[in-house]
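Undergrad: Pasting the sequence and the predicted coordinates here, then a few questions.
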Amino acid sequence: MDNFEDLSFFDMFRMEAEEHSESMQGLLLNMKEGESNAEMLRSLMRGAHSLKGAARVVGLTDIVKLTHAMEDRVVAAQEGRALRAEDVDTLLAANDLLRAFAALSEPESAGWLESRASRVEELATQLAAADVTEASPVARQWASIPEVEDGIMTPADEVDTESAAQQNPEATQGAVGGVQNLRITAQRFDRILGSASDALVKAQAVVRTHERLQTDSDSLRRMLHDLSESLRGTATPDARELLAEITSRTSDLQLHLTELERGATEAEHATGHLHREILQARLRPFQDIVFGLRRLLRDLSQELGKQVNFVITGERTEVDRDILDRLRAPLEHILRNALDHGLEGPKERMDAGKPVQGTITLYARHENGRLVITLRDDGKGVSIPQVLDRAVKRGLVQANVGSRLADNEILEFLFLPGFSTRDTVTEISGRGFGLDVVQSMVHEAGGAVRIESTLGKGTAFHLTLPVTRSLMRVLIVEGEGEIYAIPLVRLSRVVSGMVRAGEDGVPVFEAENESAIPVLPIVDALGGGGTIEPGDATVLLLIDYTGQEIPLALQVDRILGDDTVAVRQLDERFGKMPAIAAVTITEEGAPLLIVEPDNLLRSAQNVQRRRIAGASADEQARVLVVDDSPTVRQMLRRTLIRADYRVTLASNGVEAWGILQVEDFDLLVSDVDMPEMNGIELIENLRANARIGSMPAILLSYKGREQDRQRGLQAGADAYVTKGEFEETTFLQLVEDLIGPARMPATAEESAEDAH
C-alpha cells in the first residue's frame, strides 16, 4: 500500500490509537516512577482527547466513554487534584484496553467491545470516583502541580513548559503535545529518500558545472588580456571598441558566475542537509521500546512476588527502525526468563546473602559499528553441568564429546527447541520454546546472541546486531582504475611506506618503525589482476570482528575520501559477487561497490598463500567445515585430516560463502544454527549458484526432530547428521560415499611415470 487514501475510517482510528496509546503508556510509566511534569499531563490530556474525538467519528461509543473518563481524570490533575499511584494504575489499565483494541481488525472489534463493556464501565467509574482531595506532598511529586497557597493556585497554562521539557526531554518523546510522530509508508519513505538523493546529485552537478565554467572564464580573461597587450598601439578604433565590448561582457559573465556559485553552493548545502535528515529519519532511539519492557517487568514482578530494580542505560542509542522493531519480541523473551528463571525470590536471596531486591540491567551501545545490547541479571545463574547432563540425556551430544566443550558452547544448548533445565511449566516461562525463538529472531535481523553465566551470581545475554541496514560510513579508494568503498568500521588504519621484495620474492610493506608485512593490490583480493611495484605505496590495514588487526596490507592507488552512504542491496540477478556486500550511488549517479571486509580478507589471504606456495593445490579432496563451535570444528577437522582429506574451516555461513567464492571444494559440511547466515541459508545459496551448485553437502545439527531433518534435506543437503548420534567411522563412510577417498588412486600411466 503506497498511501493511506484507501484506508477505512476504522483503520485510520486503529493506527492513531496504536500511536497515542504507546505514547501514553510511556508517560504513565514515567509518572509511576515519580518522573512527572505539567507538560506530561498536557500531553496525556491531548492524547486522550484526540482519541475521544476520533472514536466519536468512527462511532465507537465504548471507546469514547473510556477516553472521556481518562481525559477528565488528567484534567482534574492539571487543576490540582493530583494523580495517586492507584490512579496511574487505573489509567494504565484503561490504556491497555486501547492498545489491545488497536491490534484488532474491524470484523473482530464489535465482539471484542461487547465482551469488555463491563470492564470499560468499571474503569470509567473508577476514574470518575478517584480521590479529588487536595494533593499531598507525595501526590504533588507525582503530578508536578504547583503548590496551592491561600486557596489560589497558579493555572497550569502558566507553568514554564519549556523549562520542564528541558529538565525531562525524554518525557515528551513521541507524545502528542511533544515530539510529533508522522505515519508514512515504507514505500513512500523510500521514494522520498530517492528524490532527495537525486536532488543532491543534481545540486552537486551544478557545482561542478560552475567550476568548469569558472575555469573557462578565467582562461578567456587571460586570453583577452594577452590579445590586448599584443594589439597595444596598433589596434584600429574598431578593434579597440570591440575589445572594450568583449571586456565588458566578460566582466558581466564573471558577475553571473559569482551569482551561480552562491546559488549552487546554497543548493548543495540545502539538498545535502535534506538528504542527511531523511537518512537520519530511519534511526530511532532505543528508548522507543523501553516503555513496553518496563511495563512488562513491572507486571510480572508483581505477579511473581519478586522485587526488582530495572536499570536501563543507553536509551538514546540510535537504531535503524527495522532493527528496533525486530528487537522487541526477543528482549521480552529474555526479560521473562531473567525474572522467572534468573532472579530468586526474596527469602532465597536473603539466604544467599543478596539484597532482597534483584537487579536487571539493560545496556544498549554502539561498539565497532555494531549495536550491542546486554541484558544482565544478578540472579542464581545457570548450572552448566546441569545443562550438559540434560543435553547428554536427550541424546544431543555424546558424553565424551560434551566433556570437551567449553562453557559458552554448553550454554548454546539452551537455544535448542524444547530445551529447558526446568521440570515444571509456568505461565511465565519454562515451556522450553523461548530461547530458540530469540535466536531465530536475532539471526533474521542479521545478528547474533550469546549467553554467559556464573552460578550464584547471574546471567547475561549479549545481542549483537547491525545499527542500520541503510547507512554506512565508508572510505572510498581507487585501485587499478576501479573505485571501491571500504566500511570504516573495519578499517584499522591507512599507512604510507615502502614496498620491497621479501625473502621469498613476495612483496612486503614496511612502515616506519614497524615490521614488514605481506602486501598485495586490493584488486587481486577482489579477483582482478593487479600489479605492484617496489617503491612508495599507500596501504589499508583492516581488523576482524574481535578488533584485532589483520597482518596483511592491501595496496590502493589513491584515497578519494570518506562519506556516509545509503546502502542498497545488489540486484539478485547479479548473483553473489565475491567480496562485495552491497552498492551505493555516487554523486555522479554511478554505482559504487561496497566491499565485504571478511570475504575481502579471506580472498586476500588465499591469494597470498598461493603466491607463497608458487604452485596450485594438490590432488587431495578438499572439505569445507562450517561450525560456530570451535570444539566441533576442530573435532571434525581432526577426523577428516586423519582420513587424509584437506580441510578448511569457517565459523559461520557468511564466512563460508565468502570462501566458496574464491576457492574450490569437493564437499561442504555445515552446522545448521549459526549467526550471520545459518546452514539452511548456506545450502540454499549453494544450490542456486551455477558454478558450485552441484557440490555435495552434509548438514550437522543438535536438532534431531524429523521436521528439522526434512527442512535440511528440502533445502538441498545430501545428508543430515545429528550431532548427538555422531560416530566417526559412520561419518567418514558417509563422506567417502559422497566424494570418494581423500586421494584418488593413480592411473597405471601415472604410476609408471612416478617409478621413473
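TA: Now that the structure is in, tell me what you want to look at. Numbering: from 1, shown residues only.
Undergrad: gap between the helix or strand encompassing Gln126 and the chain center?
TA: Secondary structure from DSSP states H and E places Gln126 in helix 117-128. Relative to the mean C-alpha coordinate of its chain, helix 117-128 is positioned 42 Å out (CA atoms, centre = their mean, to the nearest Å).
Undergrad: Just the CA trace of stretch 453-472, in CSV.
TA: Extracted in CSV, the C-alpha atoms of stretch 453-472 (Å, rounded to 0.1, in the frame of the first residue of the first chain):
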residue,chain,number,x,y,z
SER,A,453,26.5,-17.2,33.2
THR,A,454,28.1,-17.6,36.7
LEU,A,455,26.4,-19.9,39.1
GLY,A,456,25.1,-17.9,42.0
LYS,A,457,25.9,-14.6,40.5
GLY,A,458,23.7,-14.2,37.4
THR,A,459,23.3,-14.5,33.7
ALA,A,460,23.9,-12.1,30.8
PHE,A,461,22.6,-12.2,27.3
HIS,A,462,24.6,-10.3,24.6
LEU,A,463,22.9,-9.4,21.4
THR,A,464,25.0,-8.0,18.5
LEU,A,465,23.2,-6.6,15.5
PRO,A,466,23.8,-4.0,12.8
VAL,A,467,23.0,-0.5,13.8
THR,A,468,21.3,0.1,10.5
ARG,A,469,21.0,-1.7,7.2
SER,A,470,20.6,1.6,5.3
LEU,A,471,23.5,3.8,6.3
MET,A,472,27.3,3.1,6.3
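Undergrad: Figure out how far it is from the centre of its chain.
TA: 11 Å.
Undergrad: burial measure for Ile334, as a count.
TA: Ile334: 26 surrounding residues under other CB atoms under 10 Å. In short, each C-beta sits where N, CA and C put it, glycine included.
Undergrad: ah, wrong one, I meant Thr236
TA: Thr236 has 9 neighbouring residues, counting by other CB under 10 Å.
Undergrad: How about Leu293?
TA: 21.
Undergrad: Okay, strands next: where are they in the stretch 601-750 of the chain?
TA: Applying DSSP state E, counting those that start in this stretch to the stretch 601-750 of the chain gives strands spanning 622-626, 646-650, 667-671, 697-701, 719-722.
Undergrad: same check, this time on the stretch 251-400 of the chain
TA: 283-285, 308-313, 318-320, 358-367, 370-377.
Undergrad: Quick one: those strands as JSON lines, columns for mean pLDDT, mean neighbour count and distance to Val506 too.
TA: Compiled in JSON lines, the strands of the stretch 251-400 of the chain are given as follows (pLDDT from 0 to 100; neighbours: other CB atoms under 10 Å; distance: least, CB to CB, whole Å):
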{"stretch": "strand 283-285", "mean pLDDT": "83", "mean neighbour count": "18", "distance to Val506": "44"}
{"stretch": "strand 308-313", "mean pLDDT": "91", "mean neighbour count": "15", "distance to Val506": "48"}
{"stretch": "strand 318-320", "mean pLDDT": "84", "mean neighbour count": "21", "distance to Val506": "42"}
{"stretch": "strand 358-367", "mean pLDDT": "91", "mean neighbour count": "19", "distance to Val506": "35"}
{"stretch": "strand 370-377", "mean pLDDT": "90", "mean neighbour count": "21", "distance to Val506": "34"}
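Undergrad: just so I know, which of those strands lies nearest Ala103?
TA: strand 283-285 (20.5 Å; CB to CB).
Undergrad: Check which helices and strands that closest one is in contact with.
TA: When contacts are defined as 3 or more CB pairs under 8 Å, 6 or more residues apart in numbering; DSSP states H and E, strand 283-285 sits against strand 318-320, helix 321-337.
Undergrad: Format the ones you listed as TSV; extra columns: distance to Ala717.
TA: Putting those into TSV (distance: least, CB to CB, whole Å) gives the following:
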stretch	distance to Ala717
strand 318-320	33
helix 321-337	27
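Undergrad: what's the closest of the ones you listed to Arg222?
TA: Going by CB to CB, the one of those nearest Arg222 is strand 318-320, 51.6 Å.
Undergrad: mind checking how far that closest one is from the chain centre?
TA: Distance, centroid of strand 318-320 to centroid of chain: 7 Å (CA atoms, centre = their mean).
Undergrad: swap in stretch 228-248?
TA: Computed by CA atoms, centre = their mean, the separation of stretch 228-248 from the middle of its chain amounts to 68 Å.
Undergrad: Make 35 the starting number, not 1.
TA: In the new numbering, first residue 35, that becomes stretch 262-282.
Undergrad: Buried residues of that stretch, list them for me.
TA: Buried residues in stretch 262-282, counted by 16 or more other CB atoms under 10 Å: Ser262.
Undergrad: Export it to CSV, keeping only CA atoms.
TA: Extracted in CSV, the C-alpha atoms of stretch 262-282 (Å, rounded to 0.1, in the frame of the first residue of the first chain):
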residue,chain,number,x,y,z
SER,A,262,45.0,43.5,-25.7
GLU,A,263,48.7,43.6,-24.9
SER,A,264,49.7,42.3,-28.3
LEU,A,265,47.5,44.9,-30.1
ARG,A,266,48.6,47.8,-27.8
GLY,A,267,49.3,50.9,-30.1
THR,A,268,48.5,49.1,-33.3
ALA,A,269,44.8,48.3,-32.9
THR,A,270,42.3,50.3,-35.1
PRO,A,271,39.5,52.2,-33.4
ASP,A,272,37.0,49.5,-34.4
ALA,A,273,39.3,46.8,-32.8
ARG,A,274,39.7,48.8,-29.6
GLU,A,275,35.9,49.3,-29.4
LEU,A,276,35.4,45.5,-29.9
LEU,A,277,37.9,44.7,-27.3
ALA,A,278,36.2,47.0,-24.8
GLU,A,279,32.9,45.4,-25.5
ILE,A,280,34.3,41.9,-25.0
THR,A,281,36.0,43.0,-21.8
SER,A,282,32.7,44.4,-20.5
